[in-house]
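Q: Structure for this input, please:
(one chain, ligands or ions: 1)
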Amino acid sequence: MPIDYAQLPSPCYVLDEARLRRNLLVLRSIQEETGVKIILAFKGFAMWSTFPLIRQYLAGATASSLHEARLCAELMGRRAHTYAPAYLPDEFSELLTYTSHLTFNSLNQYERYFPTVQQFLNHPISCGLRVNPEYSEVDTELYNPCAPGTRLGILAEQLGDRVPPGVEGLHFHTLCESNSYALEKTLLFFEERFGRYLPQLQWVNFGGGHLMTDADYDLRHLRAVLAGFSRRYPHLEIILEPGSAVAWQTGELLTTVLDIVDNKGVRTALLDASFTAHMPDTLEMPYRPRVHGAFDPGRVSADTLPPHRYRLGGISCLAGDYLEAYAFERELQVGDRLVFADMMHYTMVKTTTFNGVKHPSIVIWTEKDQLRLVRRFAYEDFKNRLS
Ligand SMILES: Cc1ncc(COP(=O)(O)O)c(C=O)c1O
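A: Numbering: from 1, shown residues only. Next up is the predicted model:
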């Protein structure tokens, strides 16, 4: 049964367990058919109440900080594949206890920290380097890891004839909600620049950005691309670490209209949620979310647009906390509920308590069509982030 939004508290993020399982089944089938390992990038989705389900399908997670690595060890029950642009000296030893694979962003970081890894004897840690293939199809600079001057990854010209001692893997991350054709082209650049190191290595991590669970993603082509790479380098383990693809289209953000204001004909429906605090990509990317029952003037021809237009306003005081108008079939009323589609990835992990605005509750709509309220936020959550 679809989610019964009438039962939900507002505002709330609601995850549909059945849709999450559907995505996980796709990811498992890719792993089974190609032999690659798929892990969840916590930076995109770290709703840990879903980890009992996720760990049935995925091989673990990738962490970008001590806290993500600890979450992985504690709640996924596996050590993390850890990568951060730089590691903190006072956290590094603890980080190792939660880590199985550790990737360095620069040769400086390798030189500084590899001796500590060598002295760490509790469990094996496989070290890698993040490299920059200098090719990305991501147009938005904010999300382009290969933009000129990027701080992310080592350039081919900075590596010598061999990777430094103890390095067992290479990692690149260049995609963002991309298809398998973008991966295929990236691999051409990666192999051209870094192929000579691959015979020495044990694994290669193709990063995230593979939107494998999108309806338009060509899974057959992905399988062929992965099979081709495996044929060329049969000794290498391939790791993919998507975030978005895991949670893609698995849930919504439900909000309520609190007021309608009019400024010289510009009407704004004020909501009990905030774009800047709860859906930051809508302002940063900027990205236009789909709103159930609403038409987006940018996507529909003007003559078919319904007549009632409203900007959607966030509840914070930030002047820019709004989205340009959507069109509705009928006038909006105070108390109406608006549902923003596809709000699981890069939302909960990025929220703030800016202005002290109420943080949306977190709800799971279970496979048995029951509402499970997993978290409600309170004054203490706001207070405890400040001092
Ligand atoms: C190093 C790395 N790996 C994985 C990901 C996950 O990417 P996505 O959520 O687009 O799949 C990111 C996203 O920024 C990343 O920086």
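Q: Now for Arg21, which secondary structure element holds it?
A: Taking DSSP states H and E as the definition, one finds Arg21 inside helix 17-34.
Q: buried residues in that helix?
A: Within helix 17-34, the residues that count as buried by 16 or more other Cβ atoms under 10 Å are Glu17, Arg19, Leu20, Arg21, Asn23, Leu24, Val26, Leu27, Arg28, Ile30, Gln31, Thr34. In short, each C-beta sits where N, CA and C put it, glycine included.
Q: possible to save the residues you listed as TSV with distance to Lys264?
A: Output for the buried residues of helix 17-34, formatted as TSV (distance: Cβ to Cβ, whole Å):
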residue	distance to Lys264
Glu17	46
Arg19	42
Leu20	44
Arg21	49
Asn23	45
Leu24	49
Val26	49
Leu27	50
Arg28	54
Ile30	53
Gln31	56
Thr34	57
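Q: in the stretch 1-150 of the chain, which spans are helices?
A: Using DSSP state H, counting those that start in this stretch, the helices of the stretch 1-150 of the chain run over residues 17-34, 51-54, 66-71, 92-97, 107-119.
Q: Just send those helices back as CSV, with distance to Leu258 and mean pLDDT too.
A: CSV is the format used below for these (distance: least, Cβ to Cβ, whole Å; pLDDT from 0 to 100):
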stretch, distance to Leu258, mean pLDDT
helix 17-34, 29, 98
helix 51-54, 34, 98
helix 66-71, 34, 98
helix 92-97, 43, 98
helix 107-119, 48, 98
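Q: Just put the ones you listed in JSON lines and tack on distance to the ligand.
A: Shown next, in JSON lines, are the helices of the stretch 1-150 of the chain (distance: least, Cβ to the nearest ligand atom, whole Å):
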{"stretch": "helix 17-34", "distance to the ligand": "11"}
{"stretch": "helix 51-54", "distance to the ligand": "14"}
{"stretch": "helix 66-71", "distance to the ligand": "11"}
{"stretch": "helix 92-97", "distance to the ligand": "16"}
{"stretch": "helix 107-119", "distance to the ligand": "14"}
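Q: Let's have those in TSV, adding distance to Ser361.
A: What follows is these, written out as TSV (distance: least, Cβ to Cβ, whole Å):
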stretch	distance to Ser361
helix 17-34	16
helix 51-54	19
helix 66-71	20
helix 92-97	32
helix 107-119	39
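Q: Which of these sits closest to Arg299?
A: Closest to Arg299 of the helices of the stretch 1-150 of the chain, according to Cβ to Cβ: helix 17-34, at 22.6 Å.
Q: Other residues contacting the closest one?
A: Outside of helix 17-34, the residues within contact range by Cβ atoms under 8 Å, 6 or more residues apart in numbering are 36-38, 50, 53-54, 56-59, 212-213, 219, 222-223, 226-227, 230, 238, 242, 245-251, 364-367.
Q: rewinding a little: determine how far the helix holding Arg21 lies from the middle of the whole chain.
A: 17 Å (Cα atoms, centre = their mean, to the nearest Å).
Q: what's the answer for stretch 259-279, then?
A: Its chain's C-alpha centre lies 27 Å from the corresponding centre of stretch 259-279 when counted by Cα atoms, centre = their mean.
Q: buried residues in it?
A: Buried, per 16+ other Cβ under 10 Å, within stretch 259-279: 260, 267-279.
Q: how about the residues you listed in JSON lines, adding pLDDT, secondary structure and distance to Ser64?
A: Formatted as JSON lines, the buried residues of stretch 259-279 follow (pLDDT from 0 to 100; DSSP: H, G, I helix; E, B strand; the rest coil; distance: Cβ to Cβ, whole Å):
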{"residue": "Ile260", "pLDDT": "98", "secondary structure": "strand", "distance to Ser64": "41"}
{"residue": "Arg267", "pLDDT": "98", "secondary structure": "strand", "distance to Ser64": "41"}
{"residue": "Thr268", "pLDDT": "98", "secondary structure": "strand", "distance to Ser64": "36"}
{"residue": "Ala269", "pLDDT": "98", "secondary structure": "strand", "distance to Ser64": "36"}
{"residue": "Leu270", "pLDDT": "98", "secondary structure": "strand", "distance to Ser64": "35"}
{"residue": "Leu271", "pLDDT": "98", "secondary structure": "strand", "distance to Ser64": "31"}
{"residue": "Asp272", "pLDDT": "98", "secondary structure": "coil", "distance to Ser64": "31"}
{"residue": "Ala273", "pLDDT": "98", "secondary structure": "coil", "distance to Ser64": "26"}
{"residue": "Ser274", "pLDDT": "98", "secondary structure": "coil", "distance to Ser64": "25"}
{"residue": "Phe275", "pLDDT": "98", "secondary structure": "helix", "distance to Ser64": "24"}
{"residue": "Thr276", "pLDDT": "98", "secondary structure": "helix", "distance to Ser64": "22"}
{"residue": "Ala277", "pLDDT": "98", "secondary structure": "helix", "distance to Ser64": "21"}
{"residue": "His278", "pLDDT": "98", "secondary structure": "helix", "distance to Ser64": "21"}
{"residue": "Met279", "pLDDT": "98", "secondary structure": "coil", "distance to Ser64": "21"}
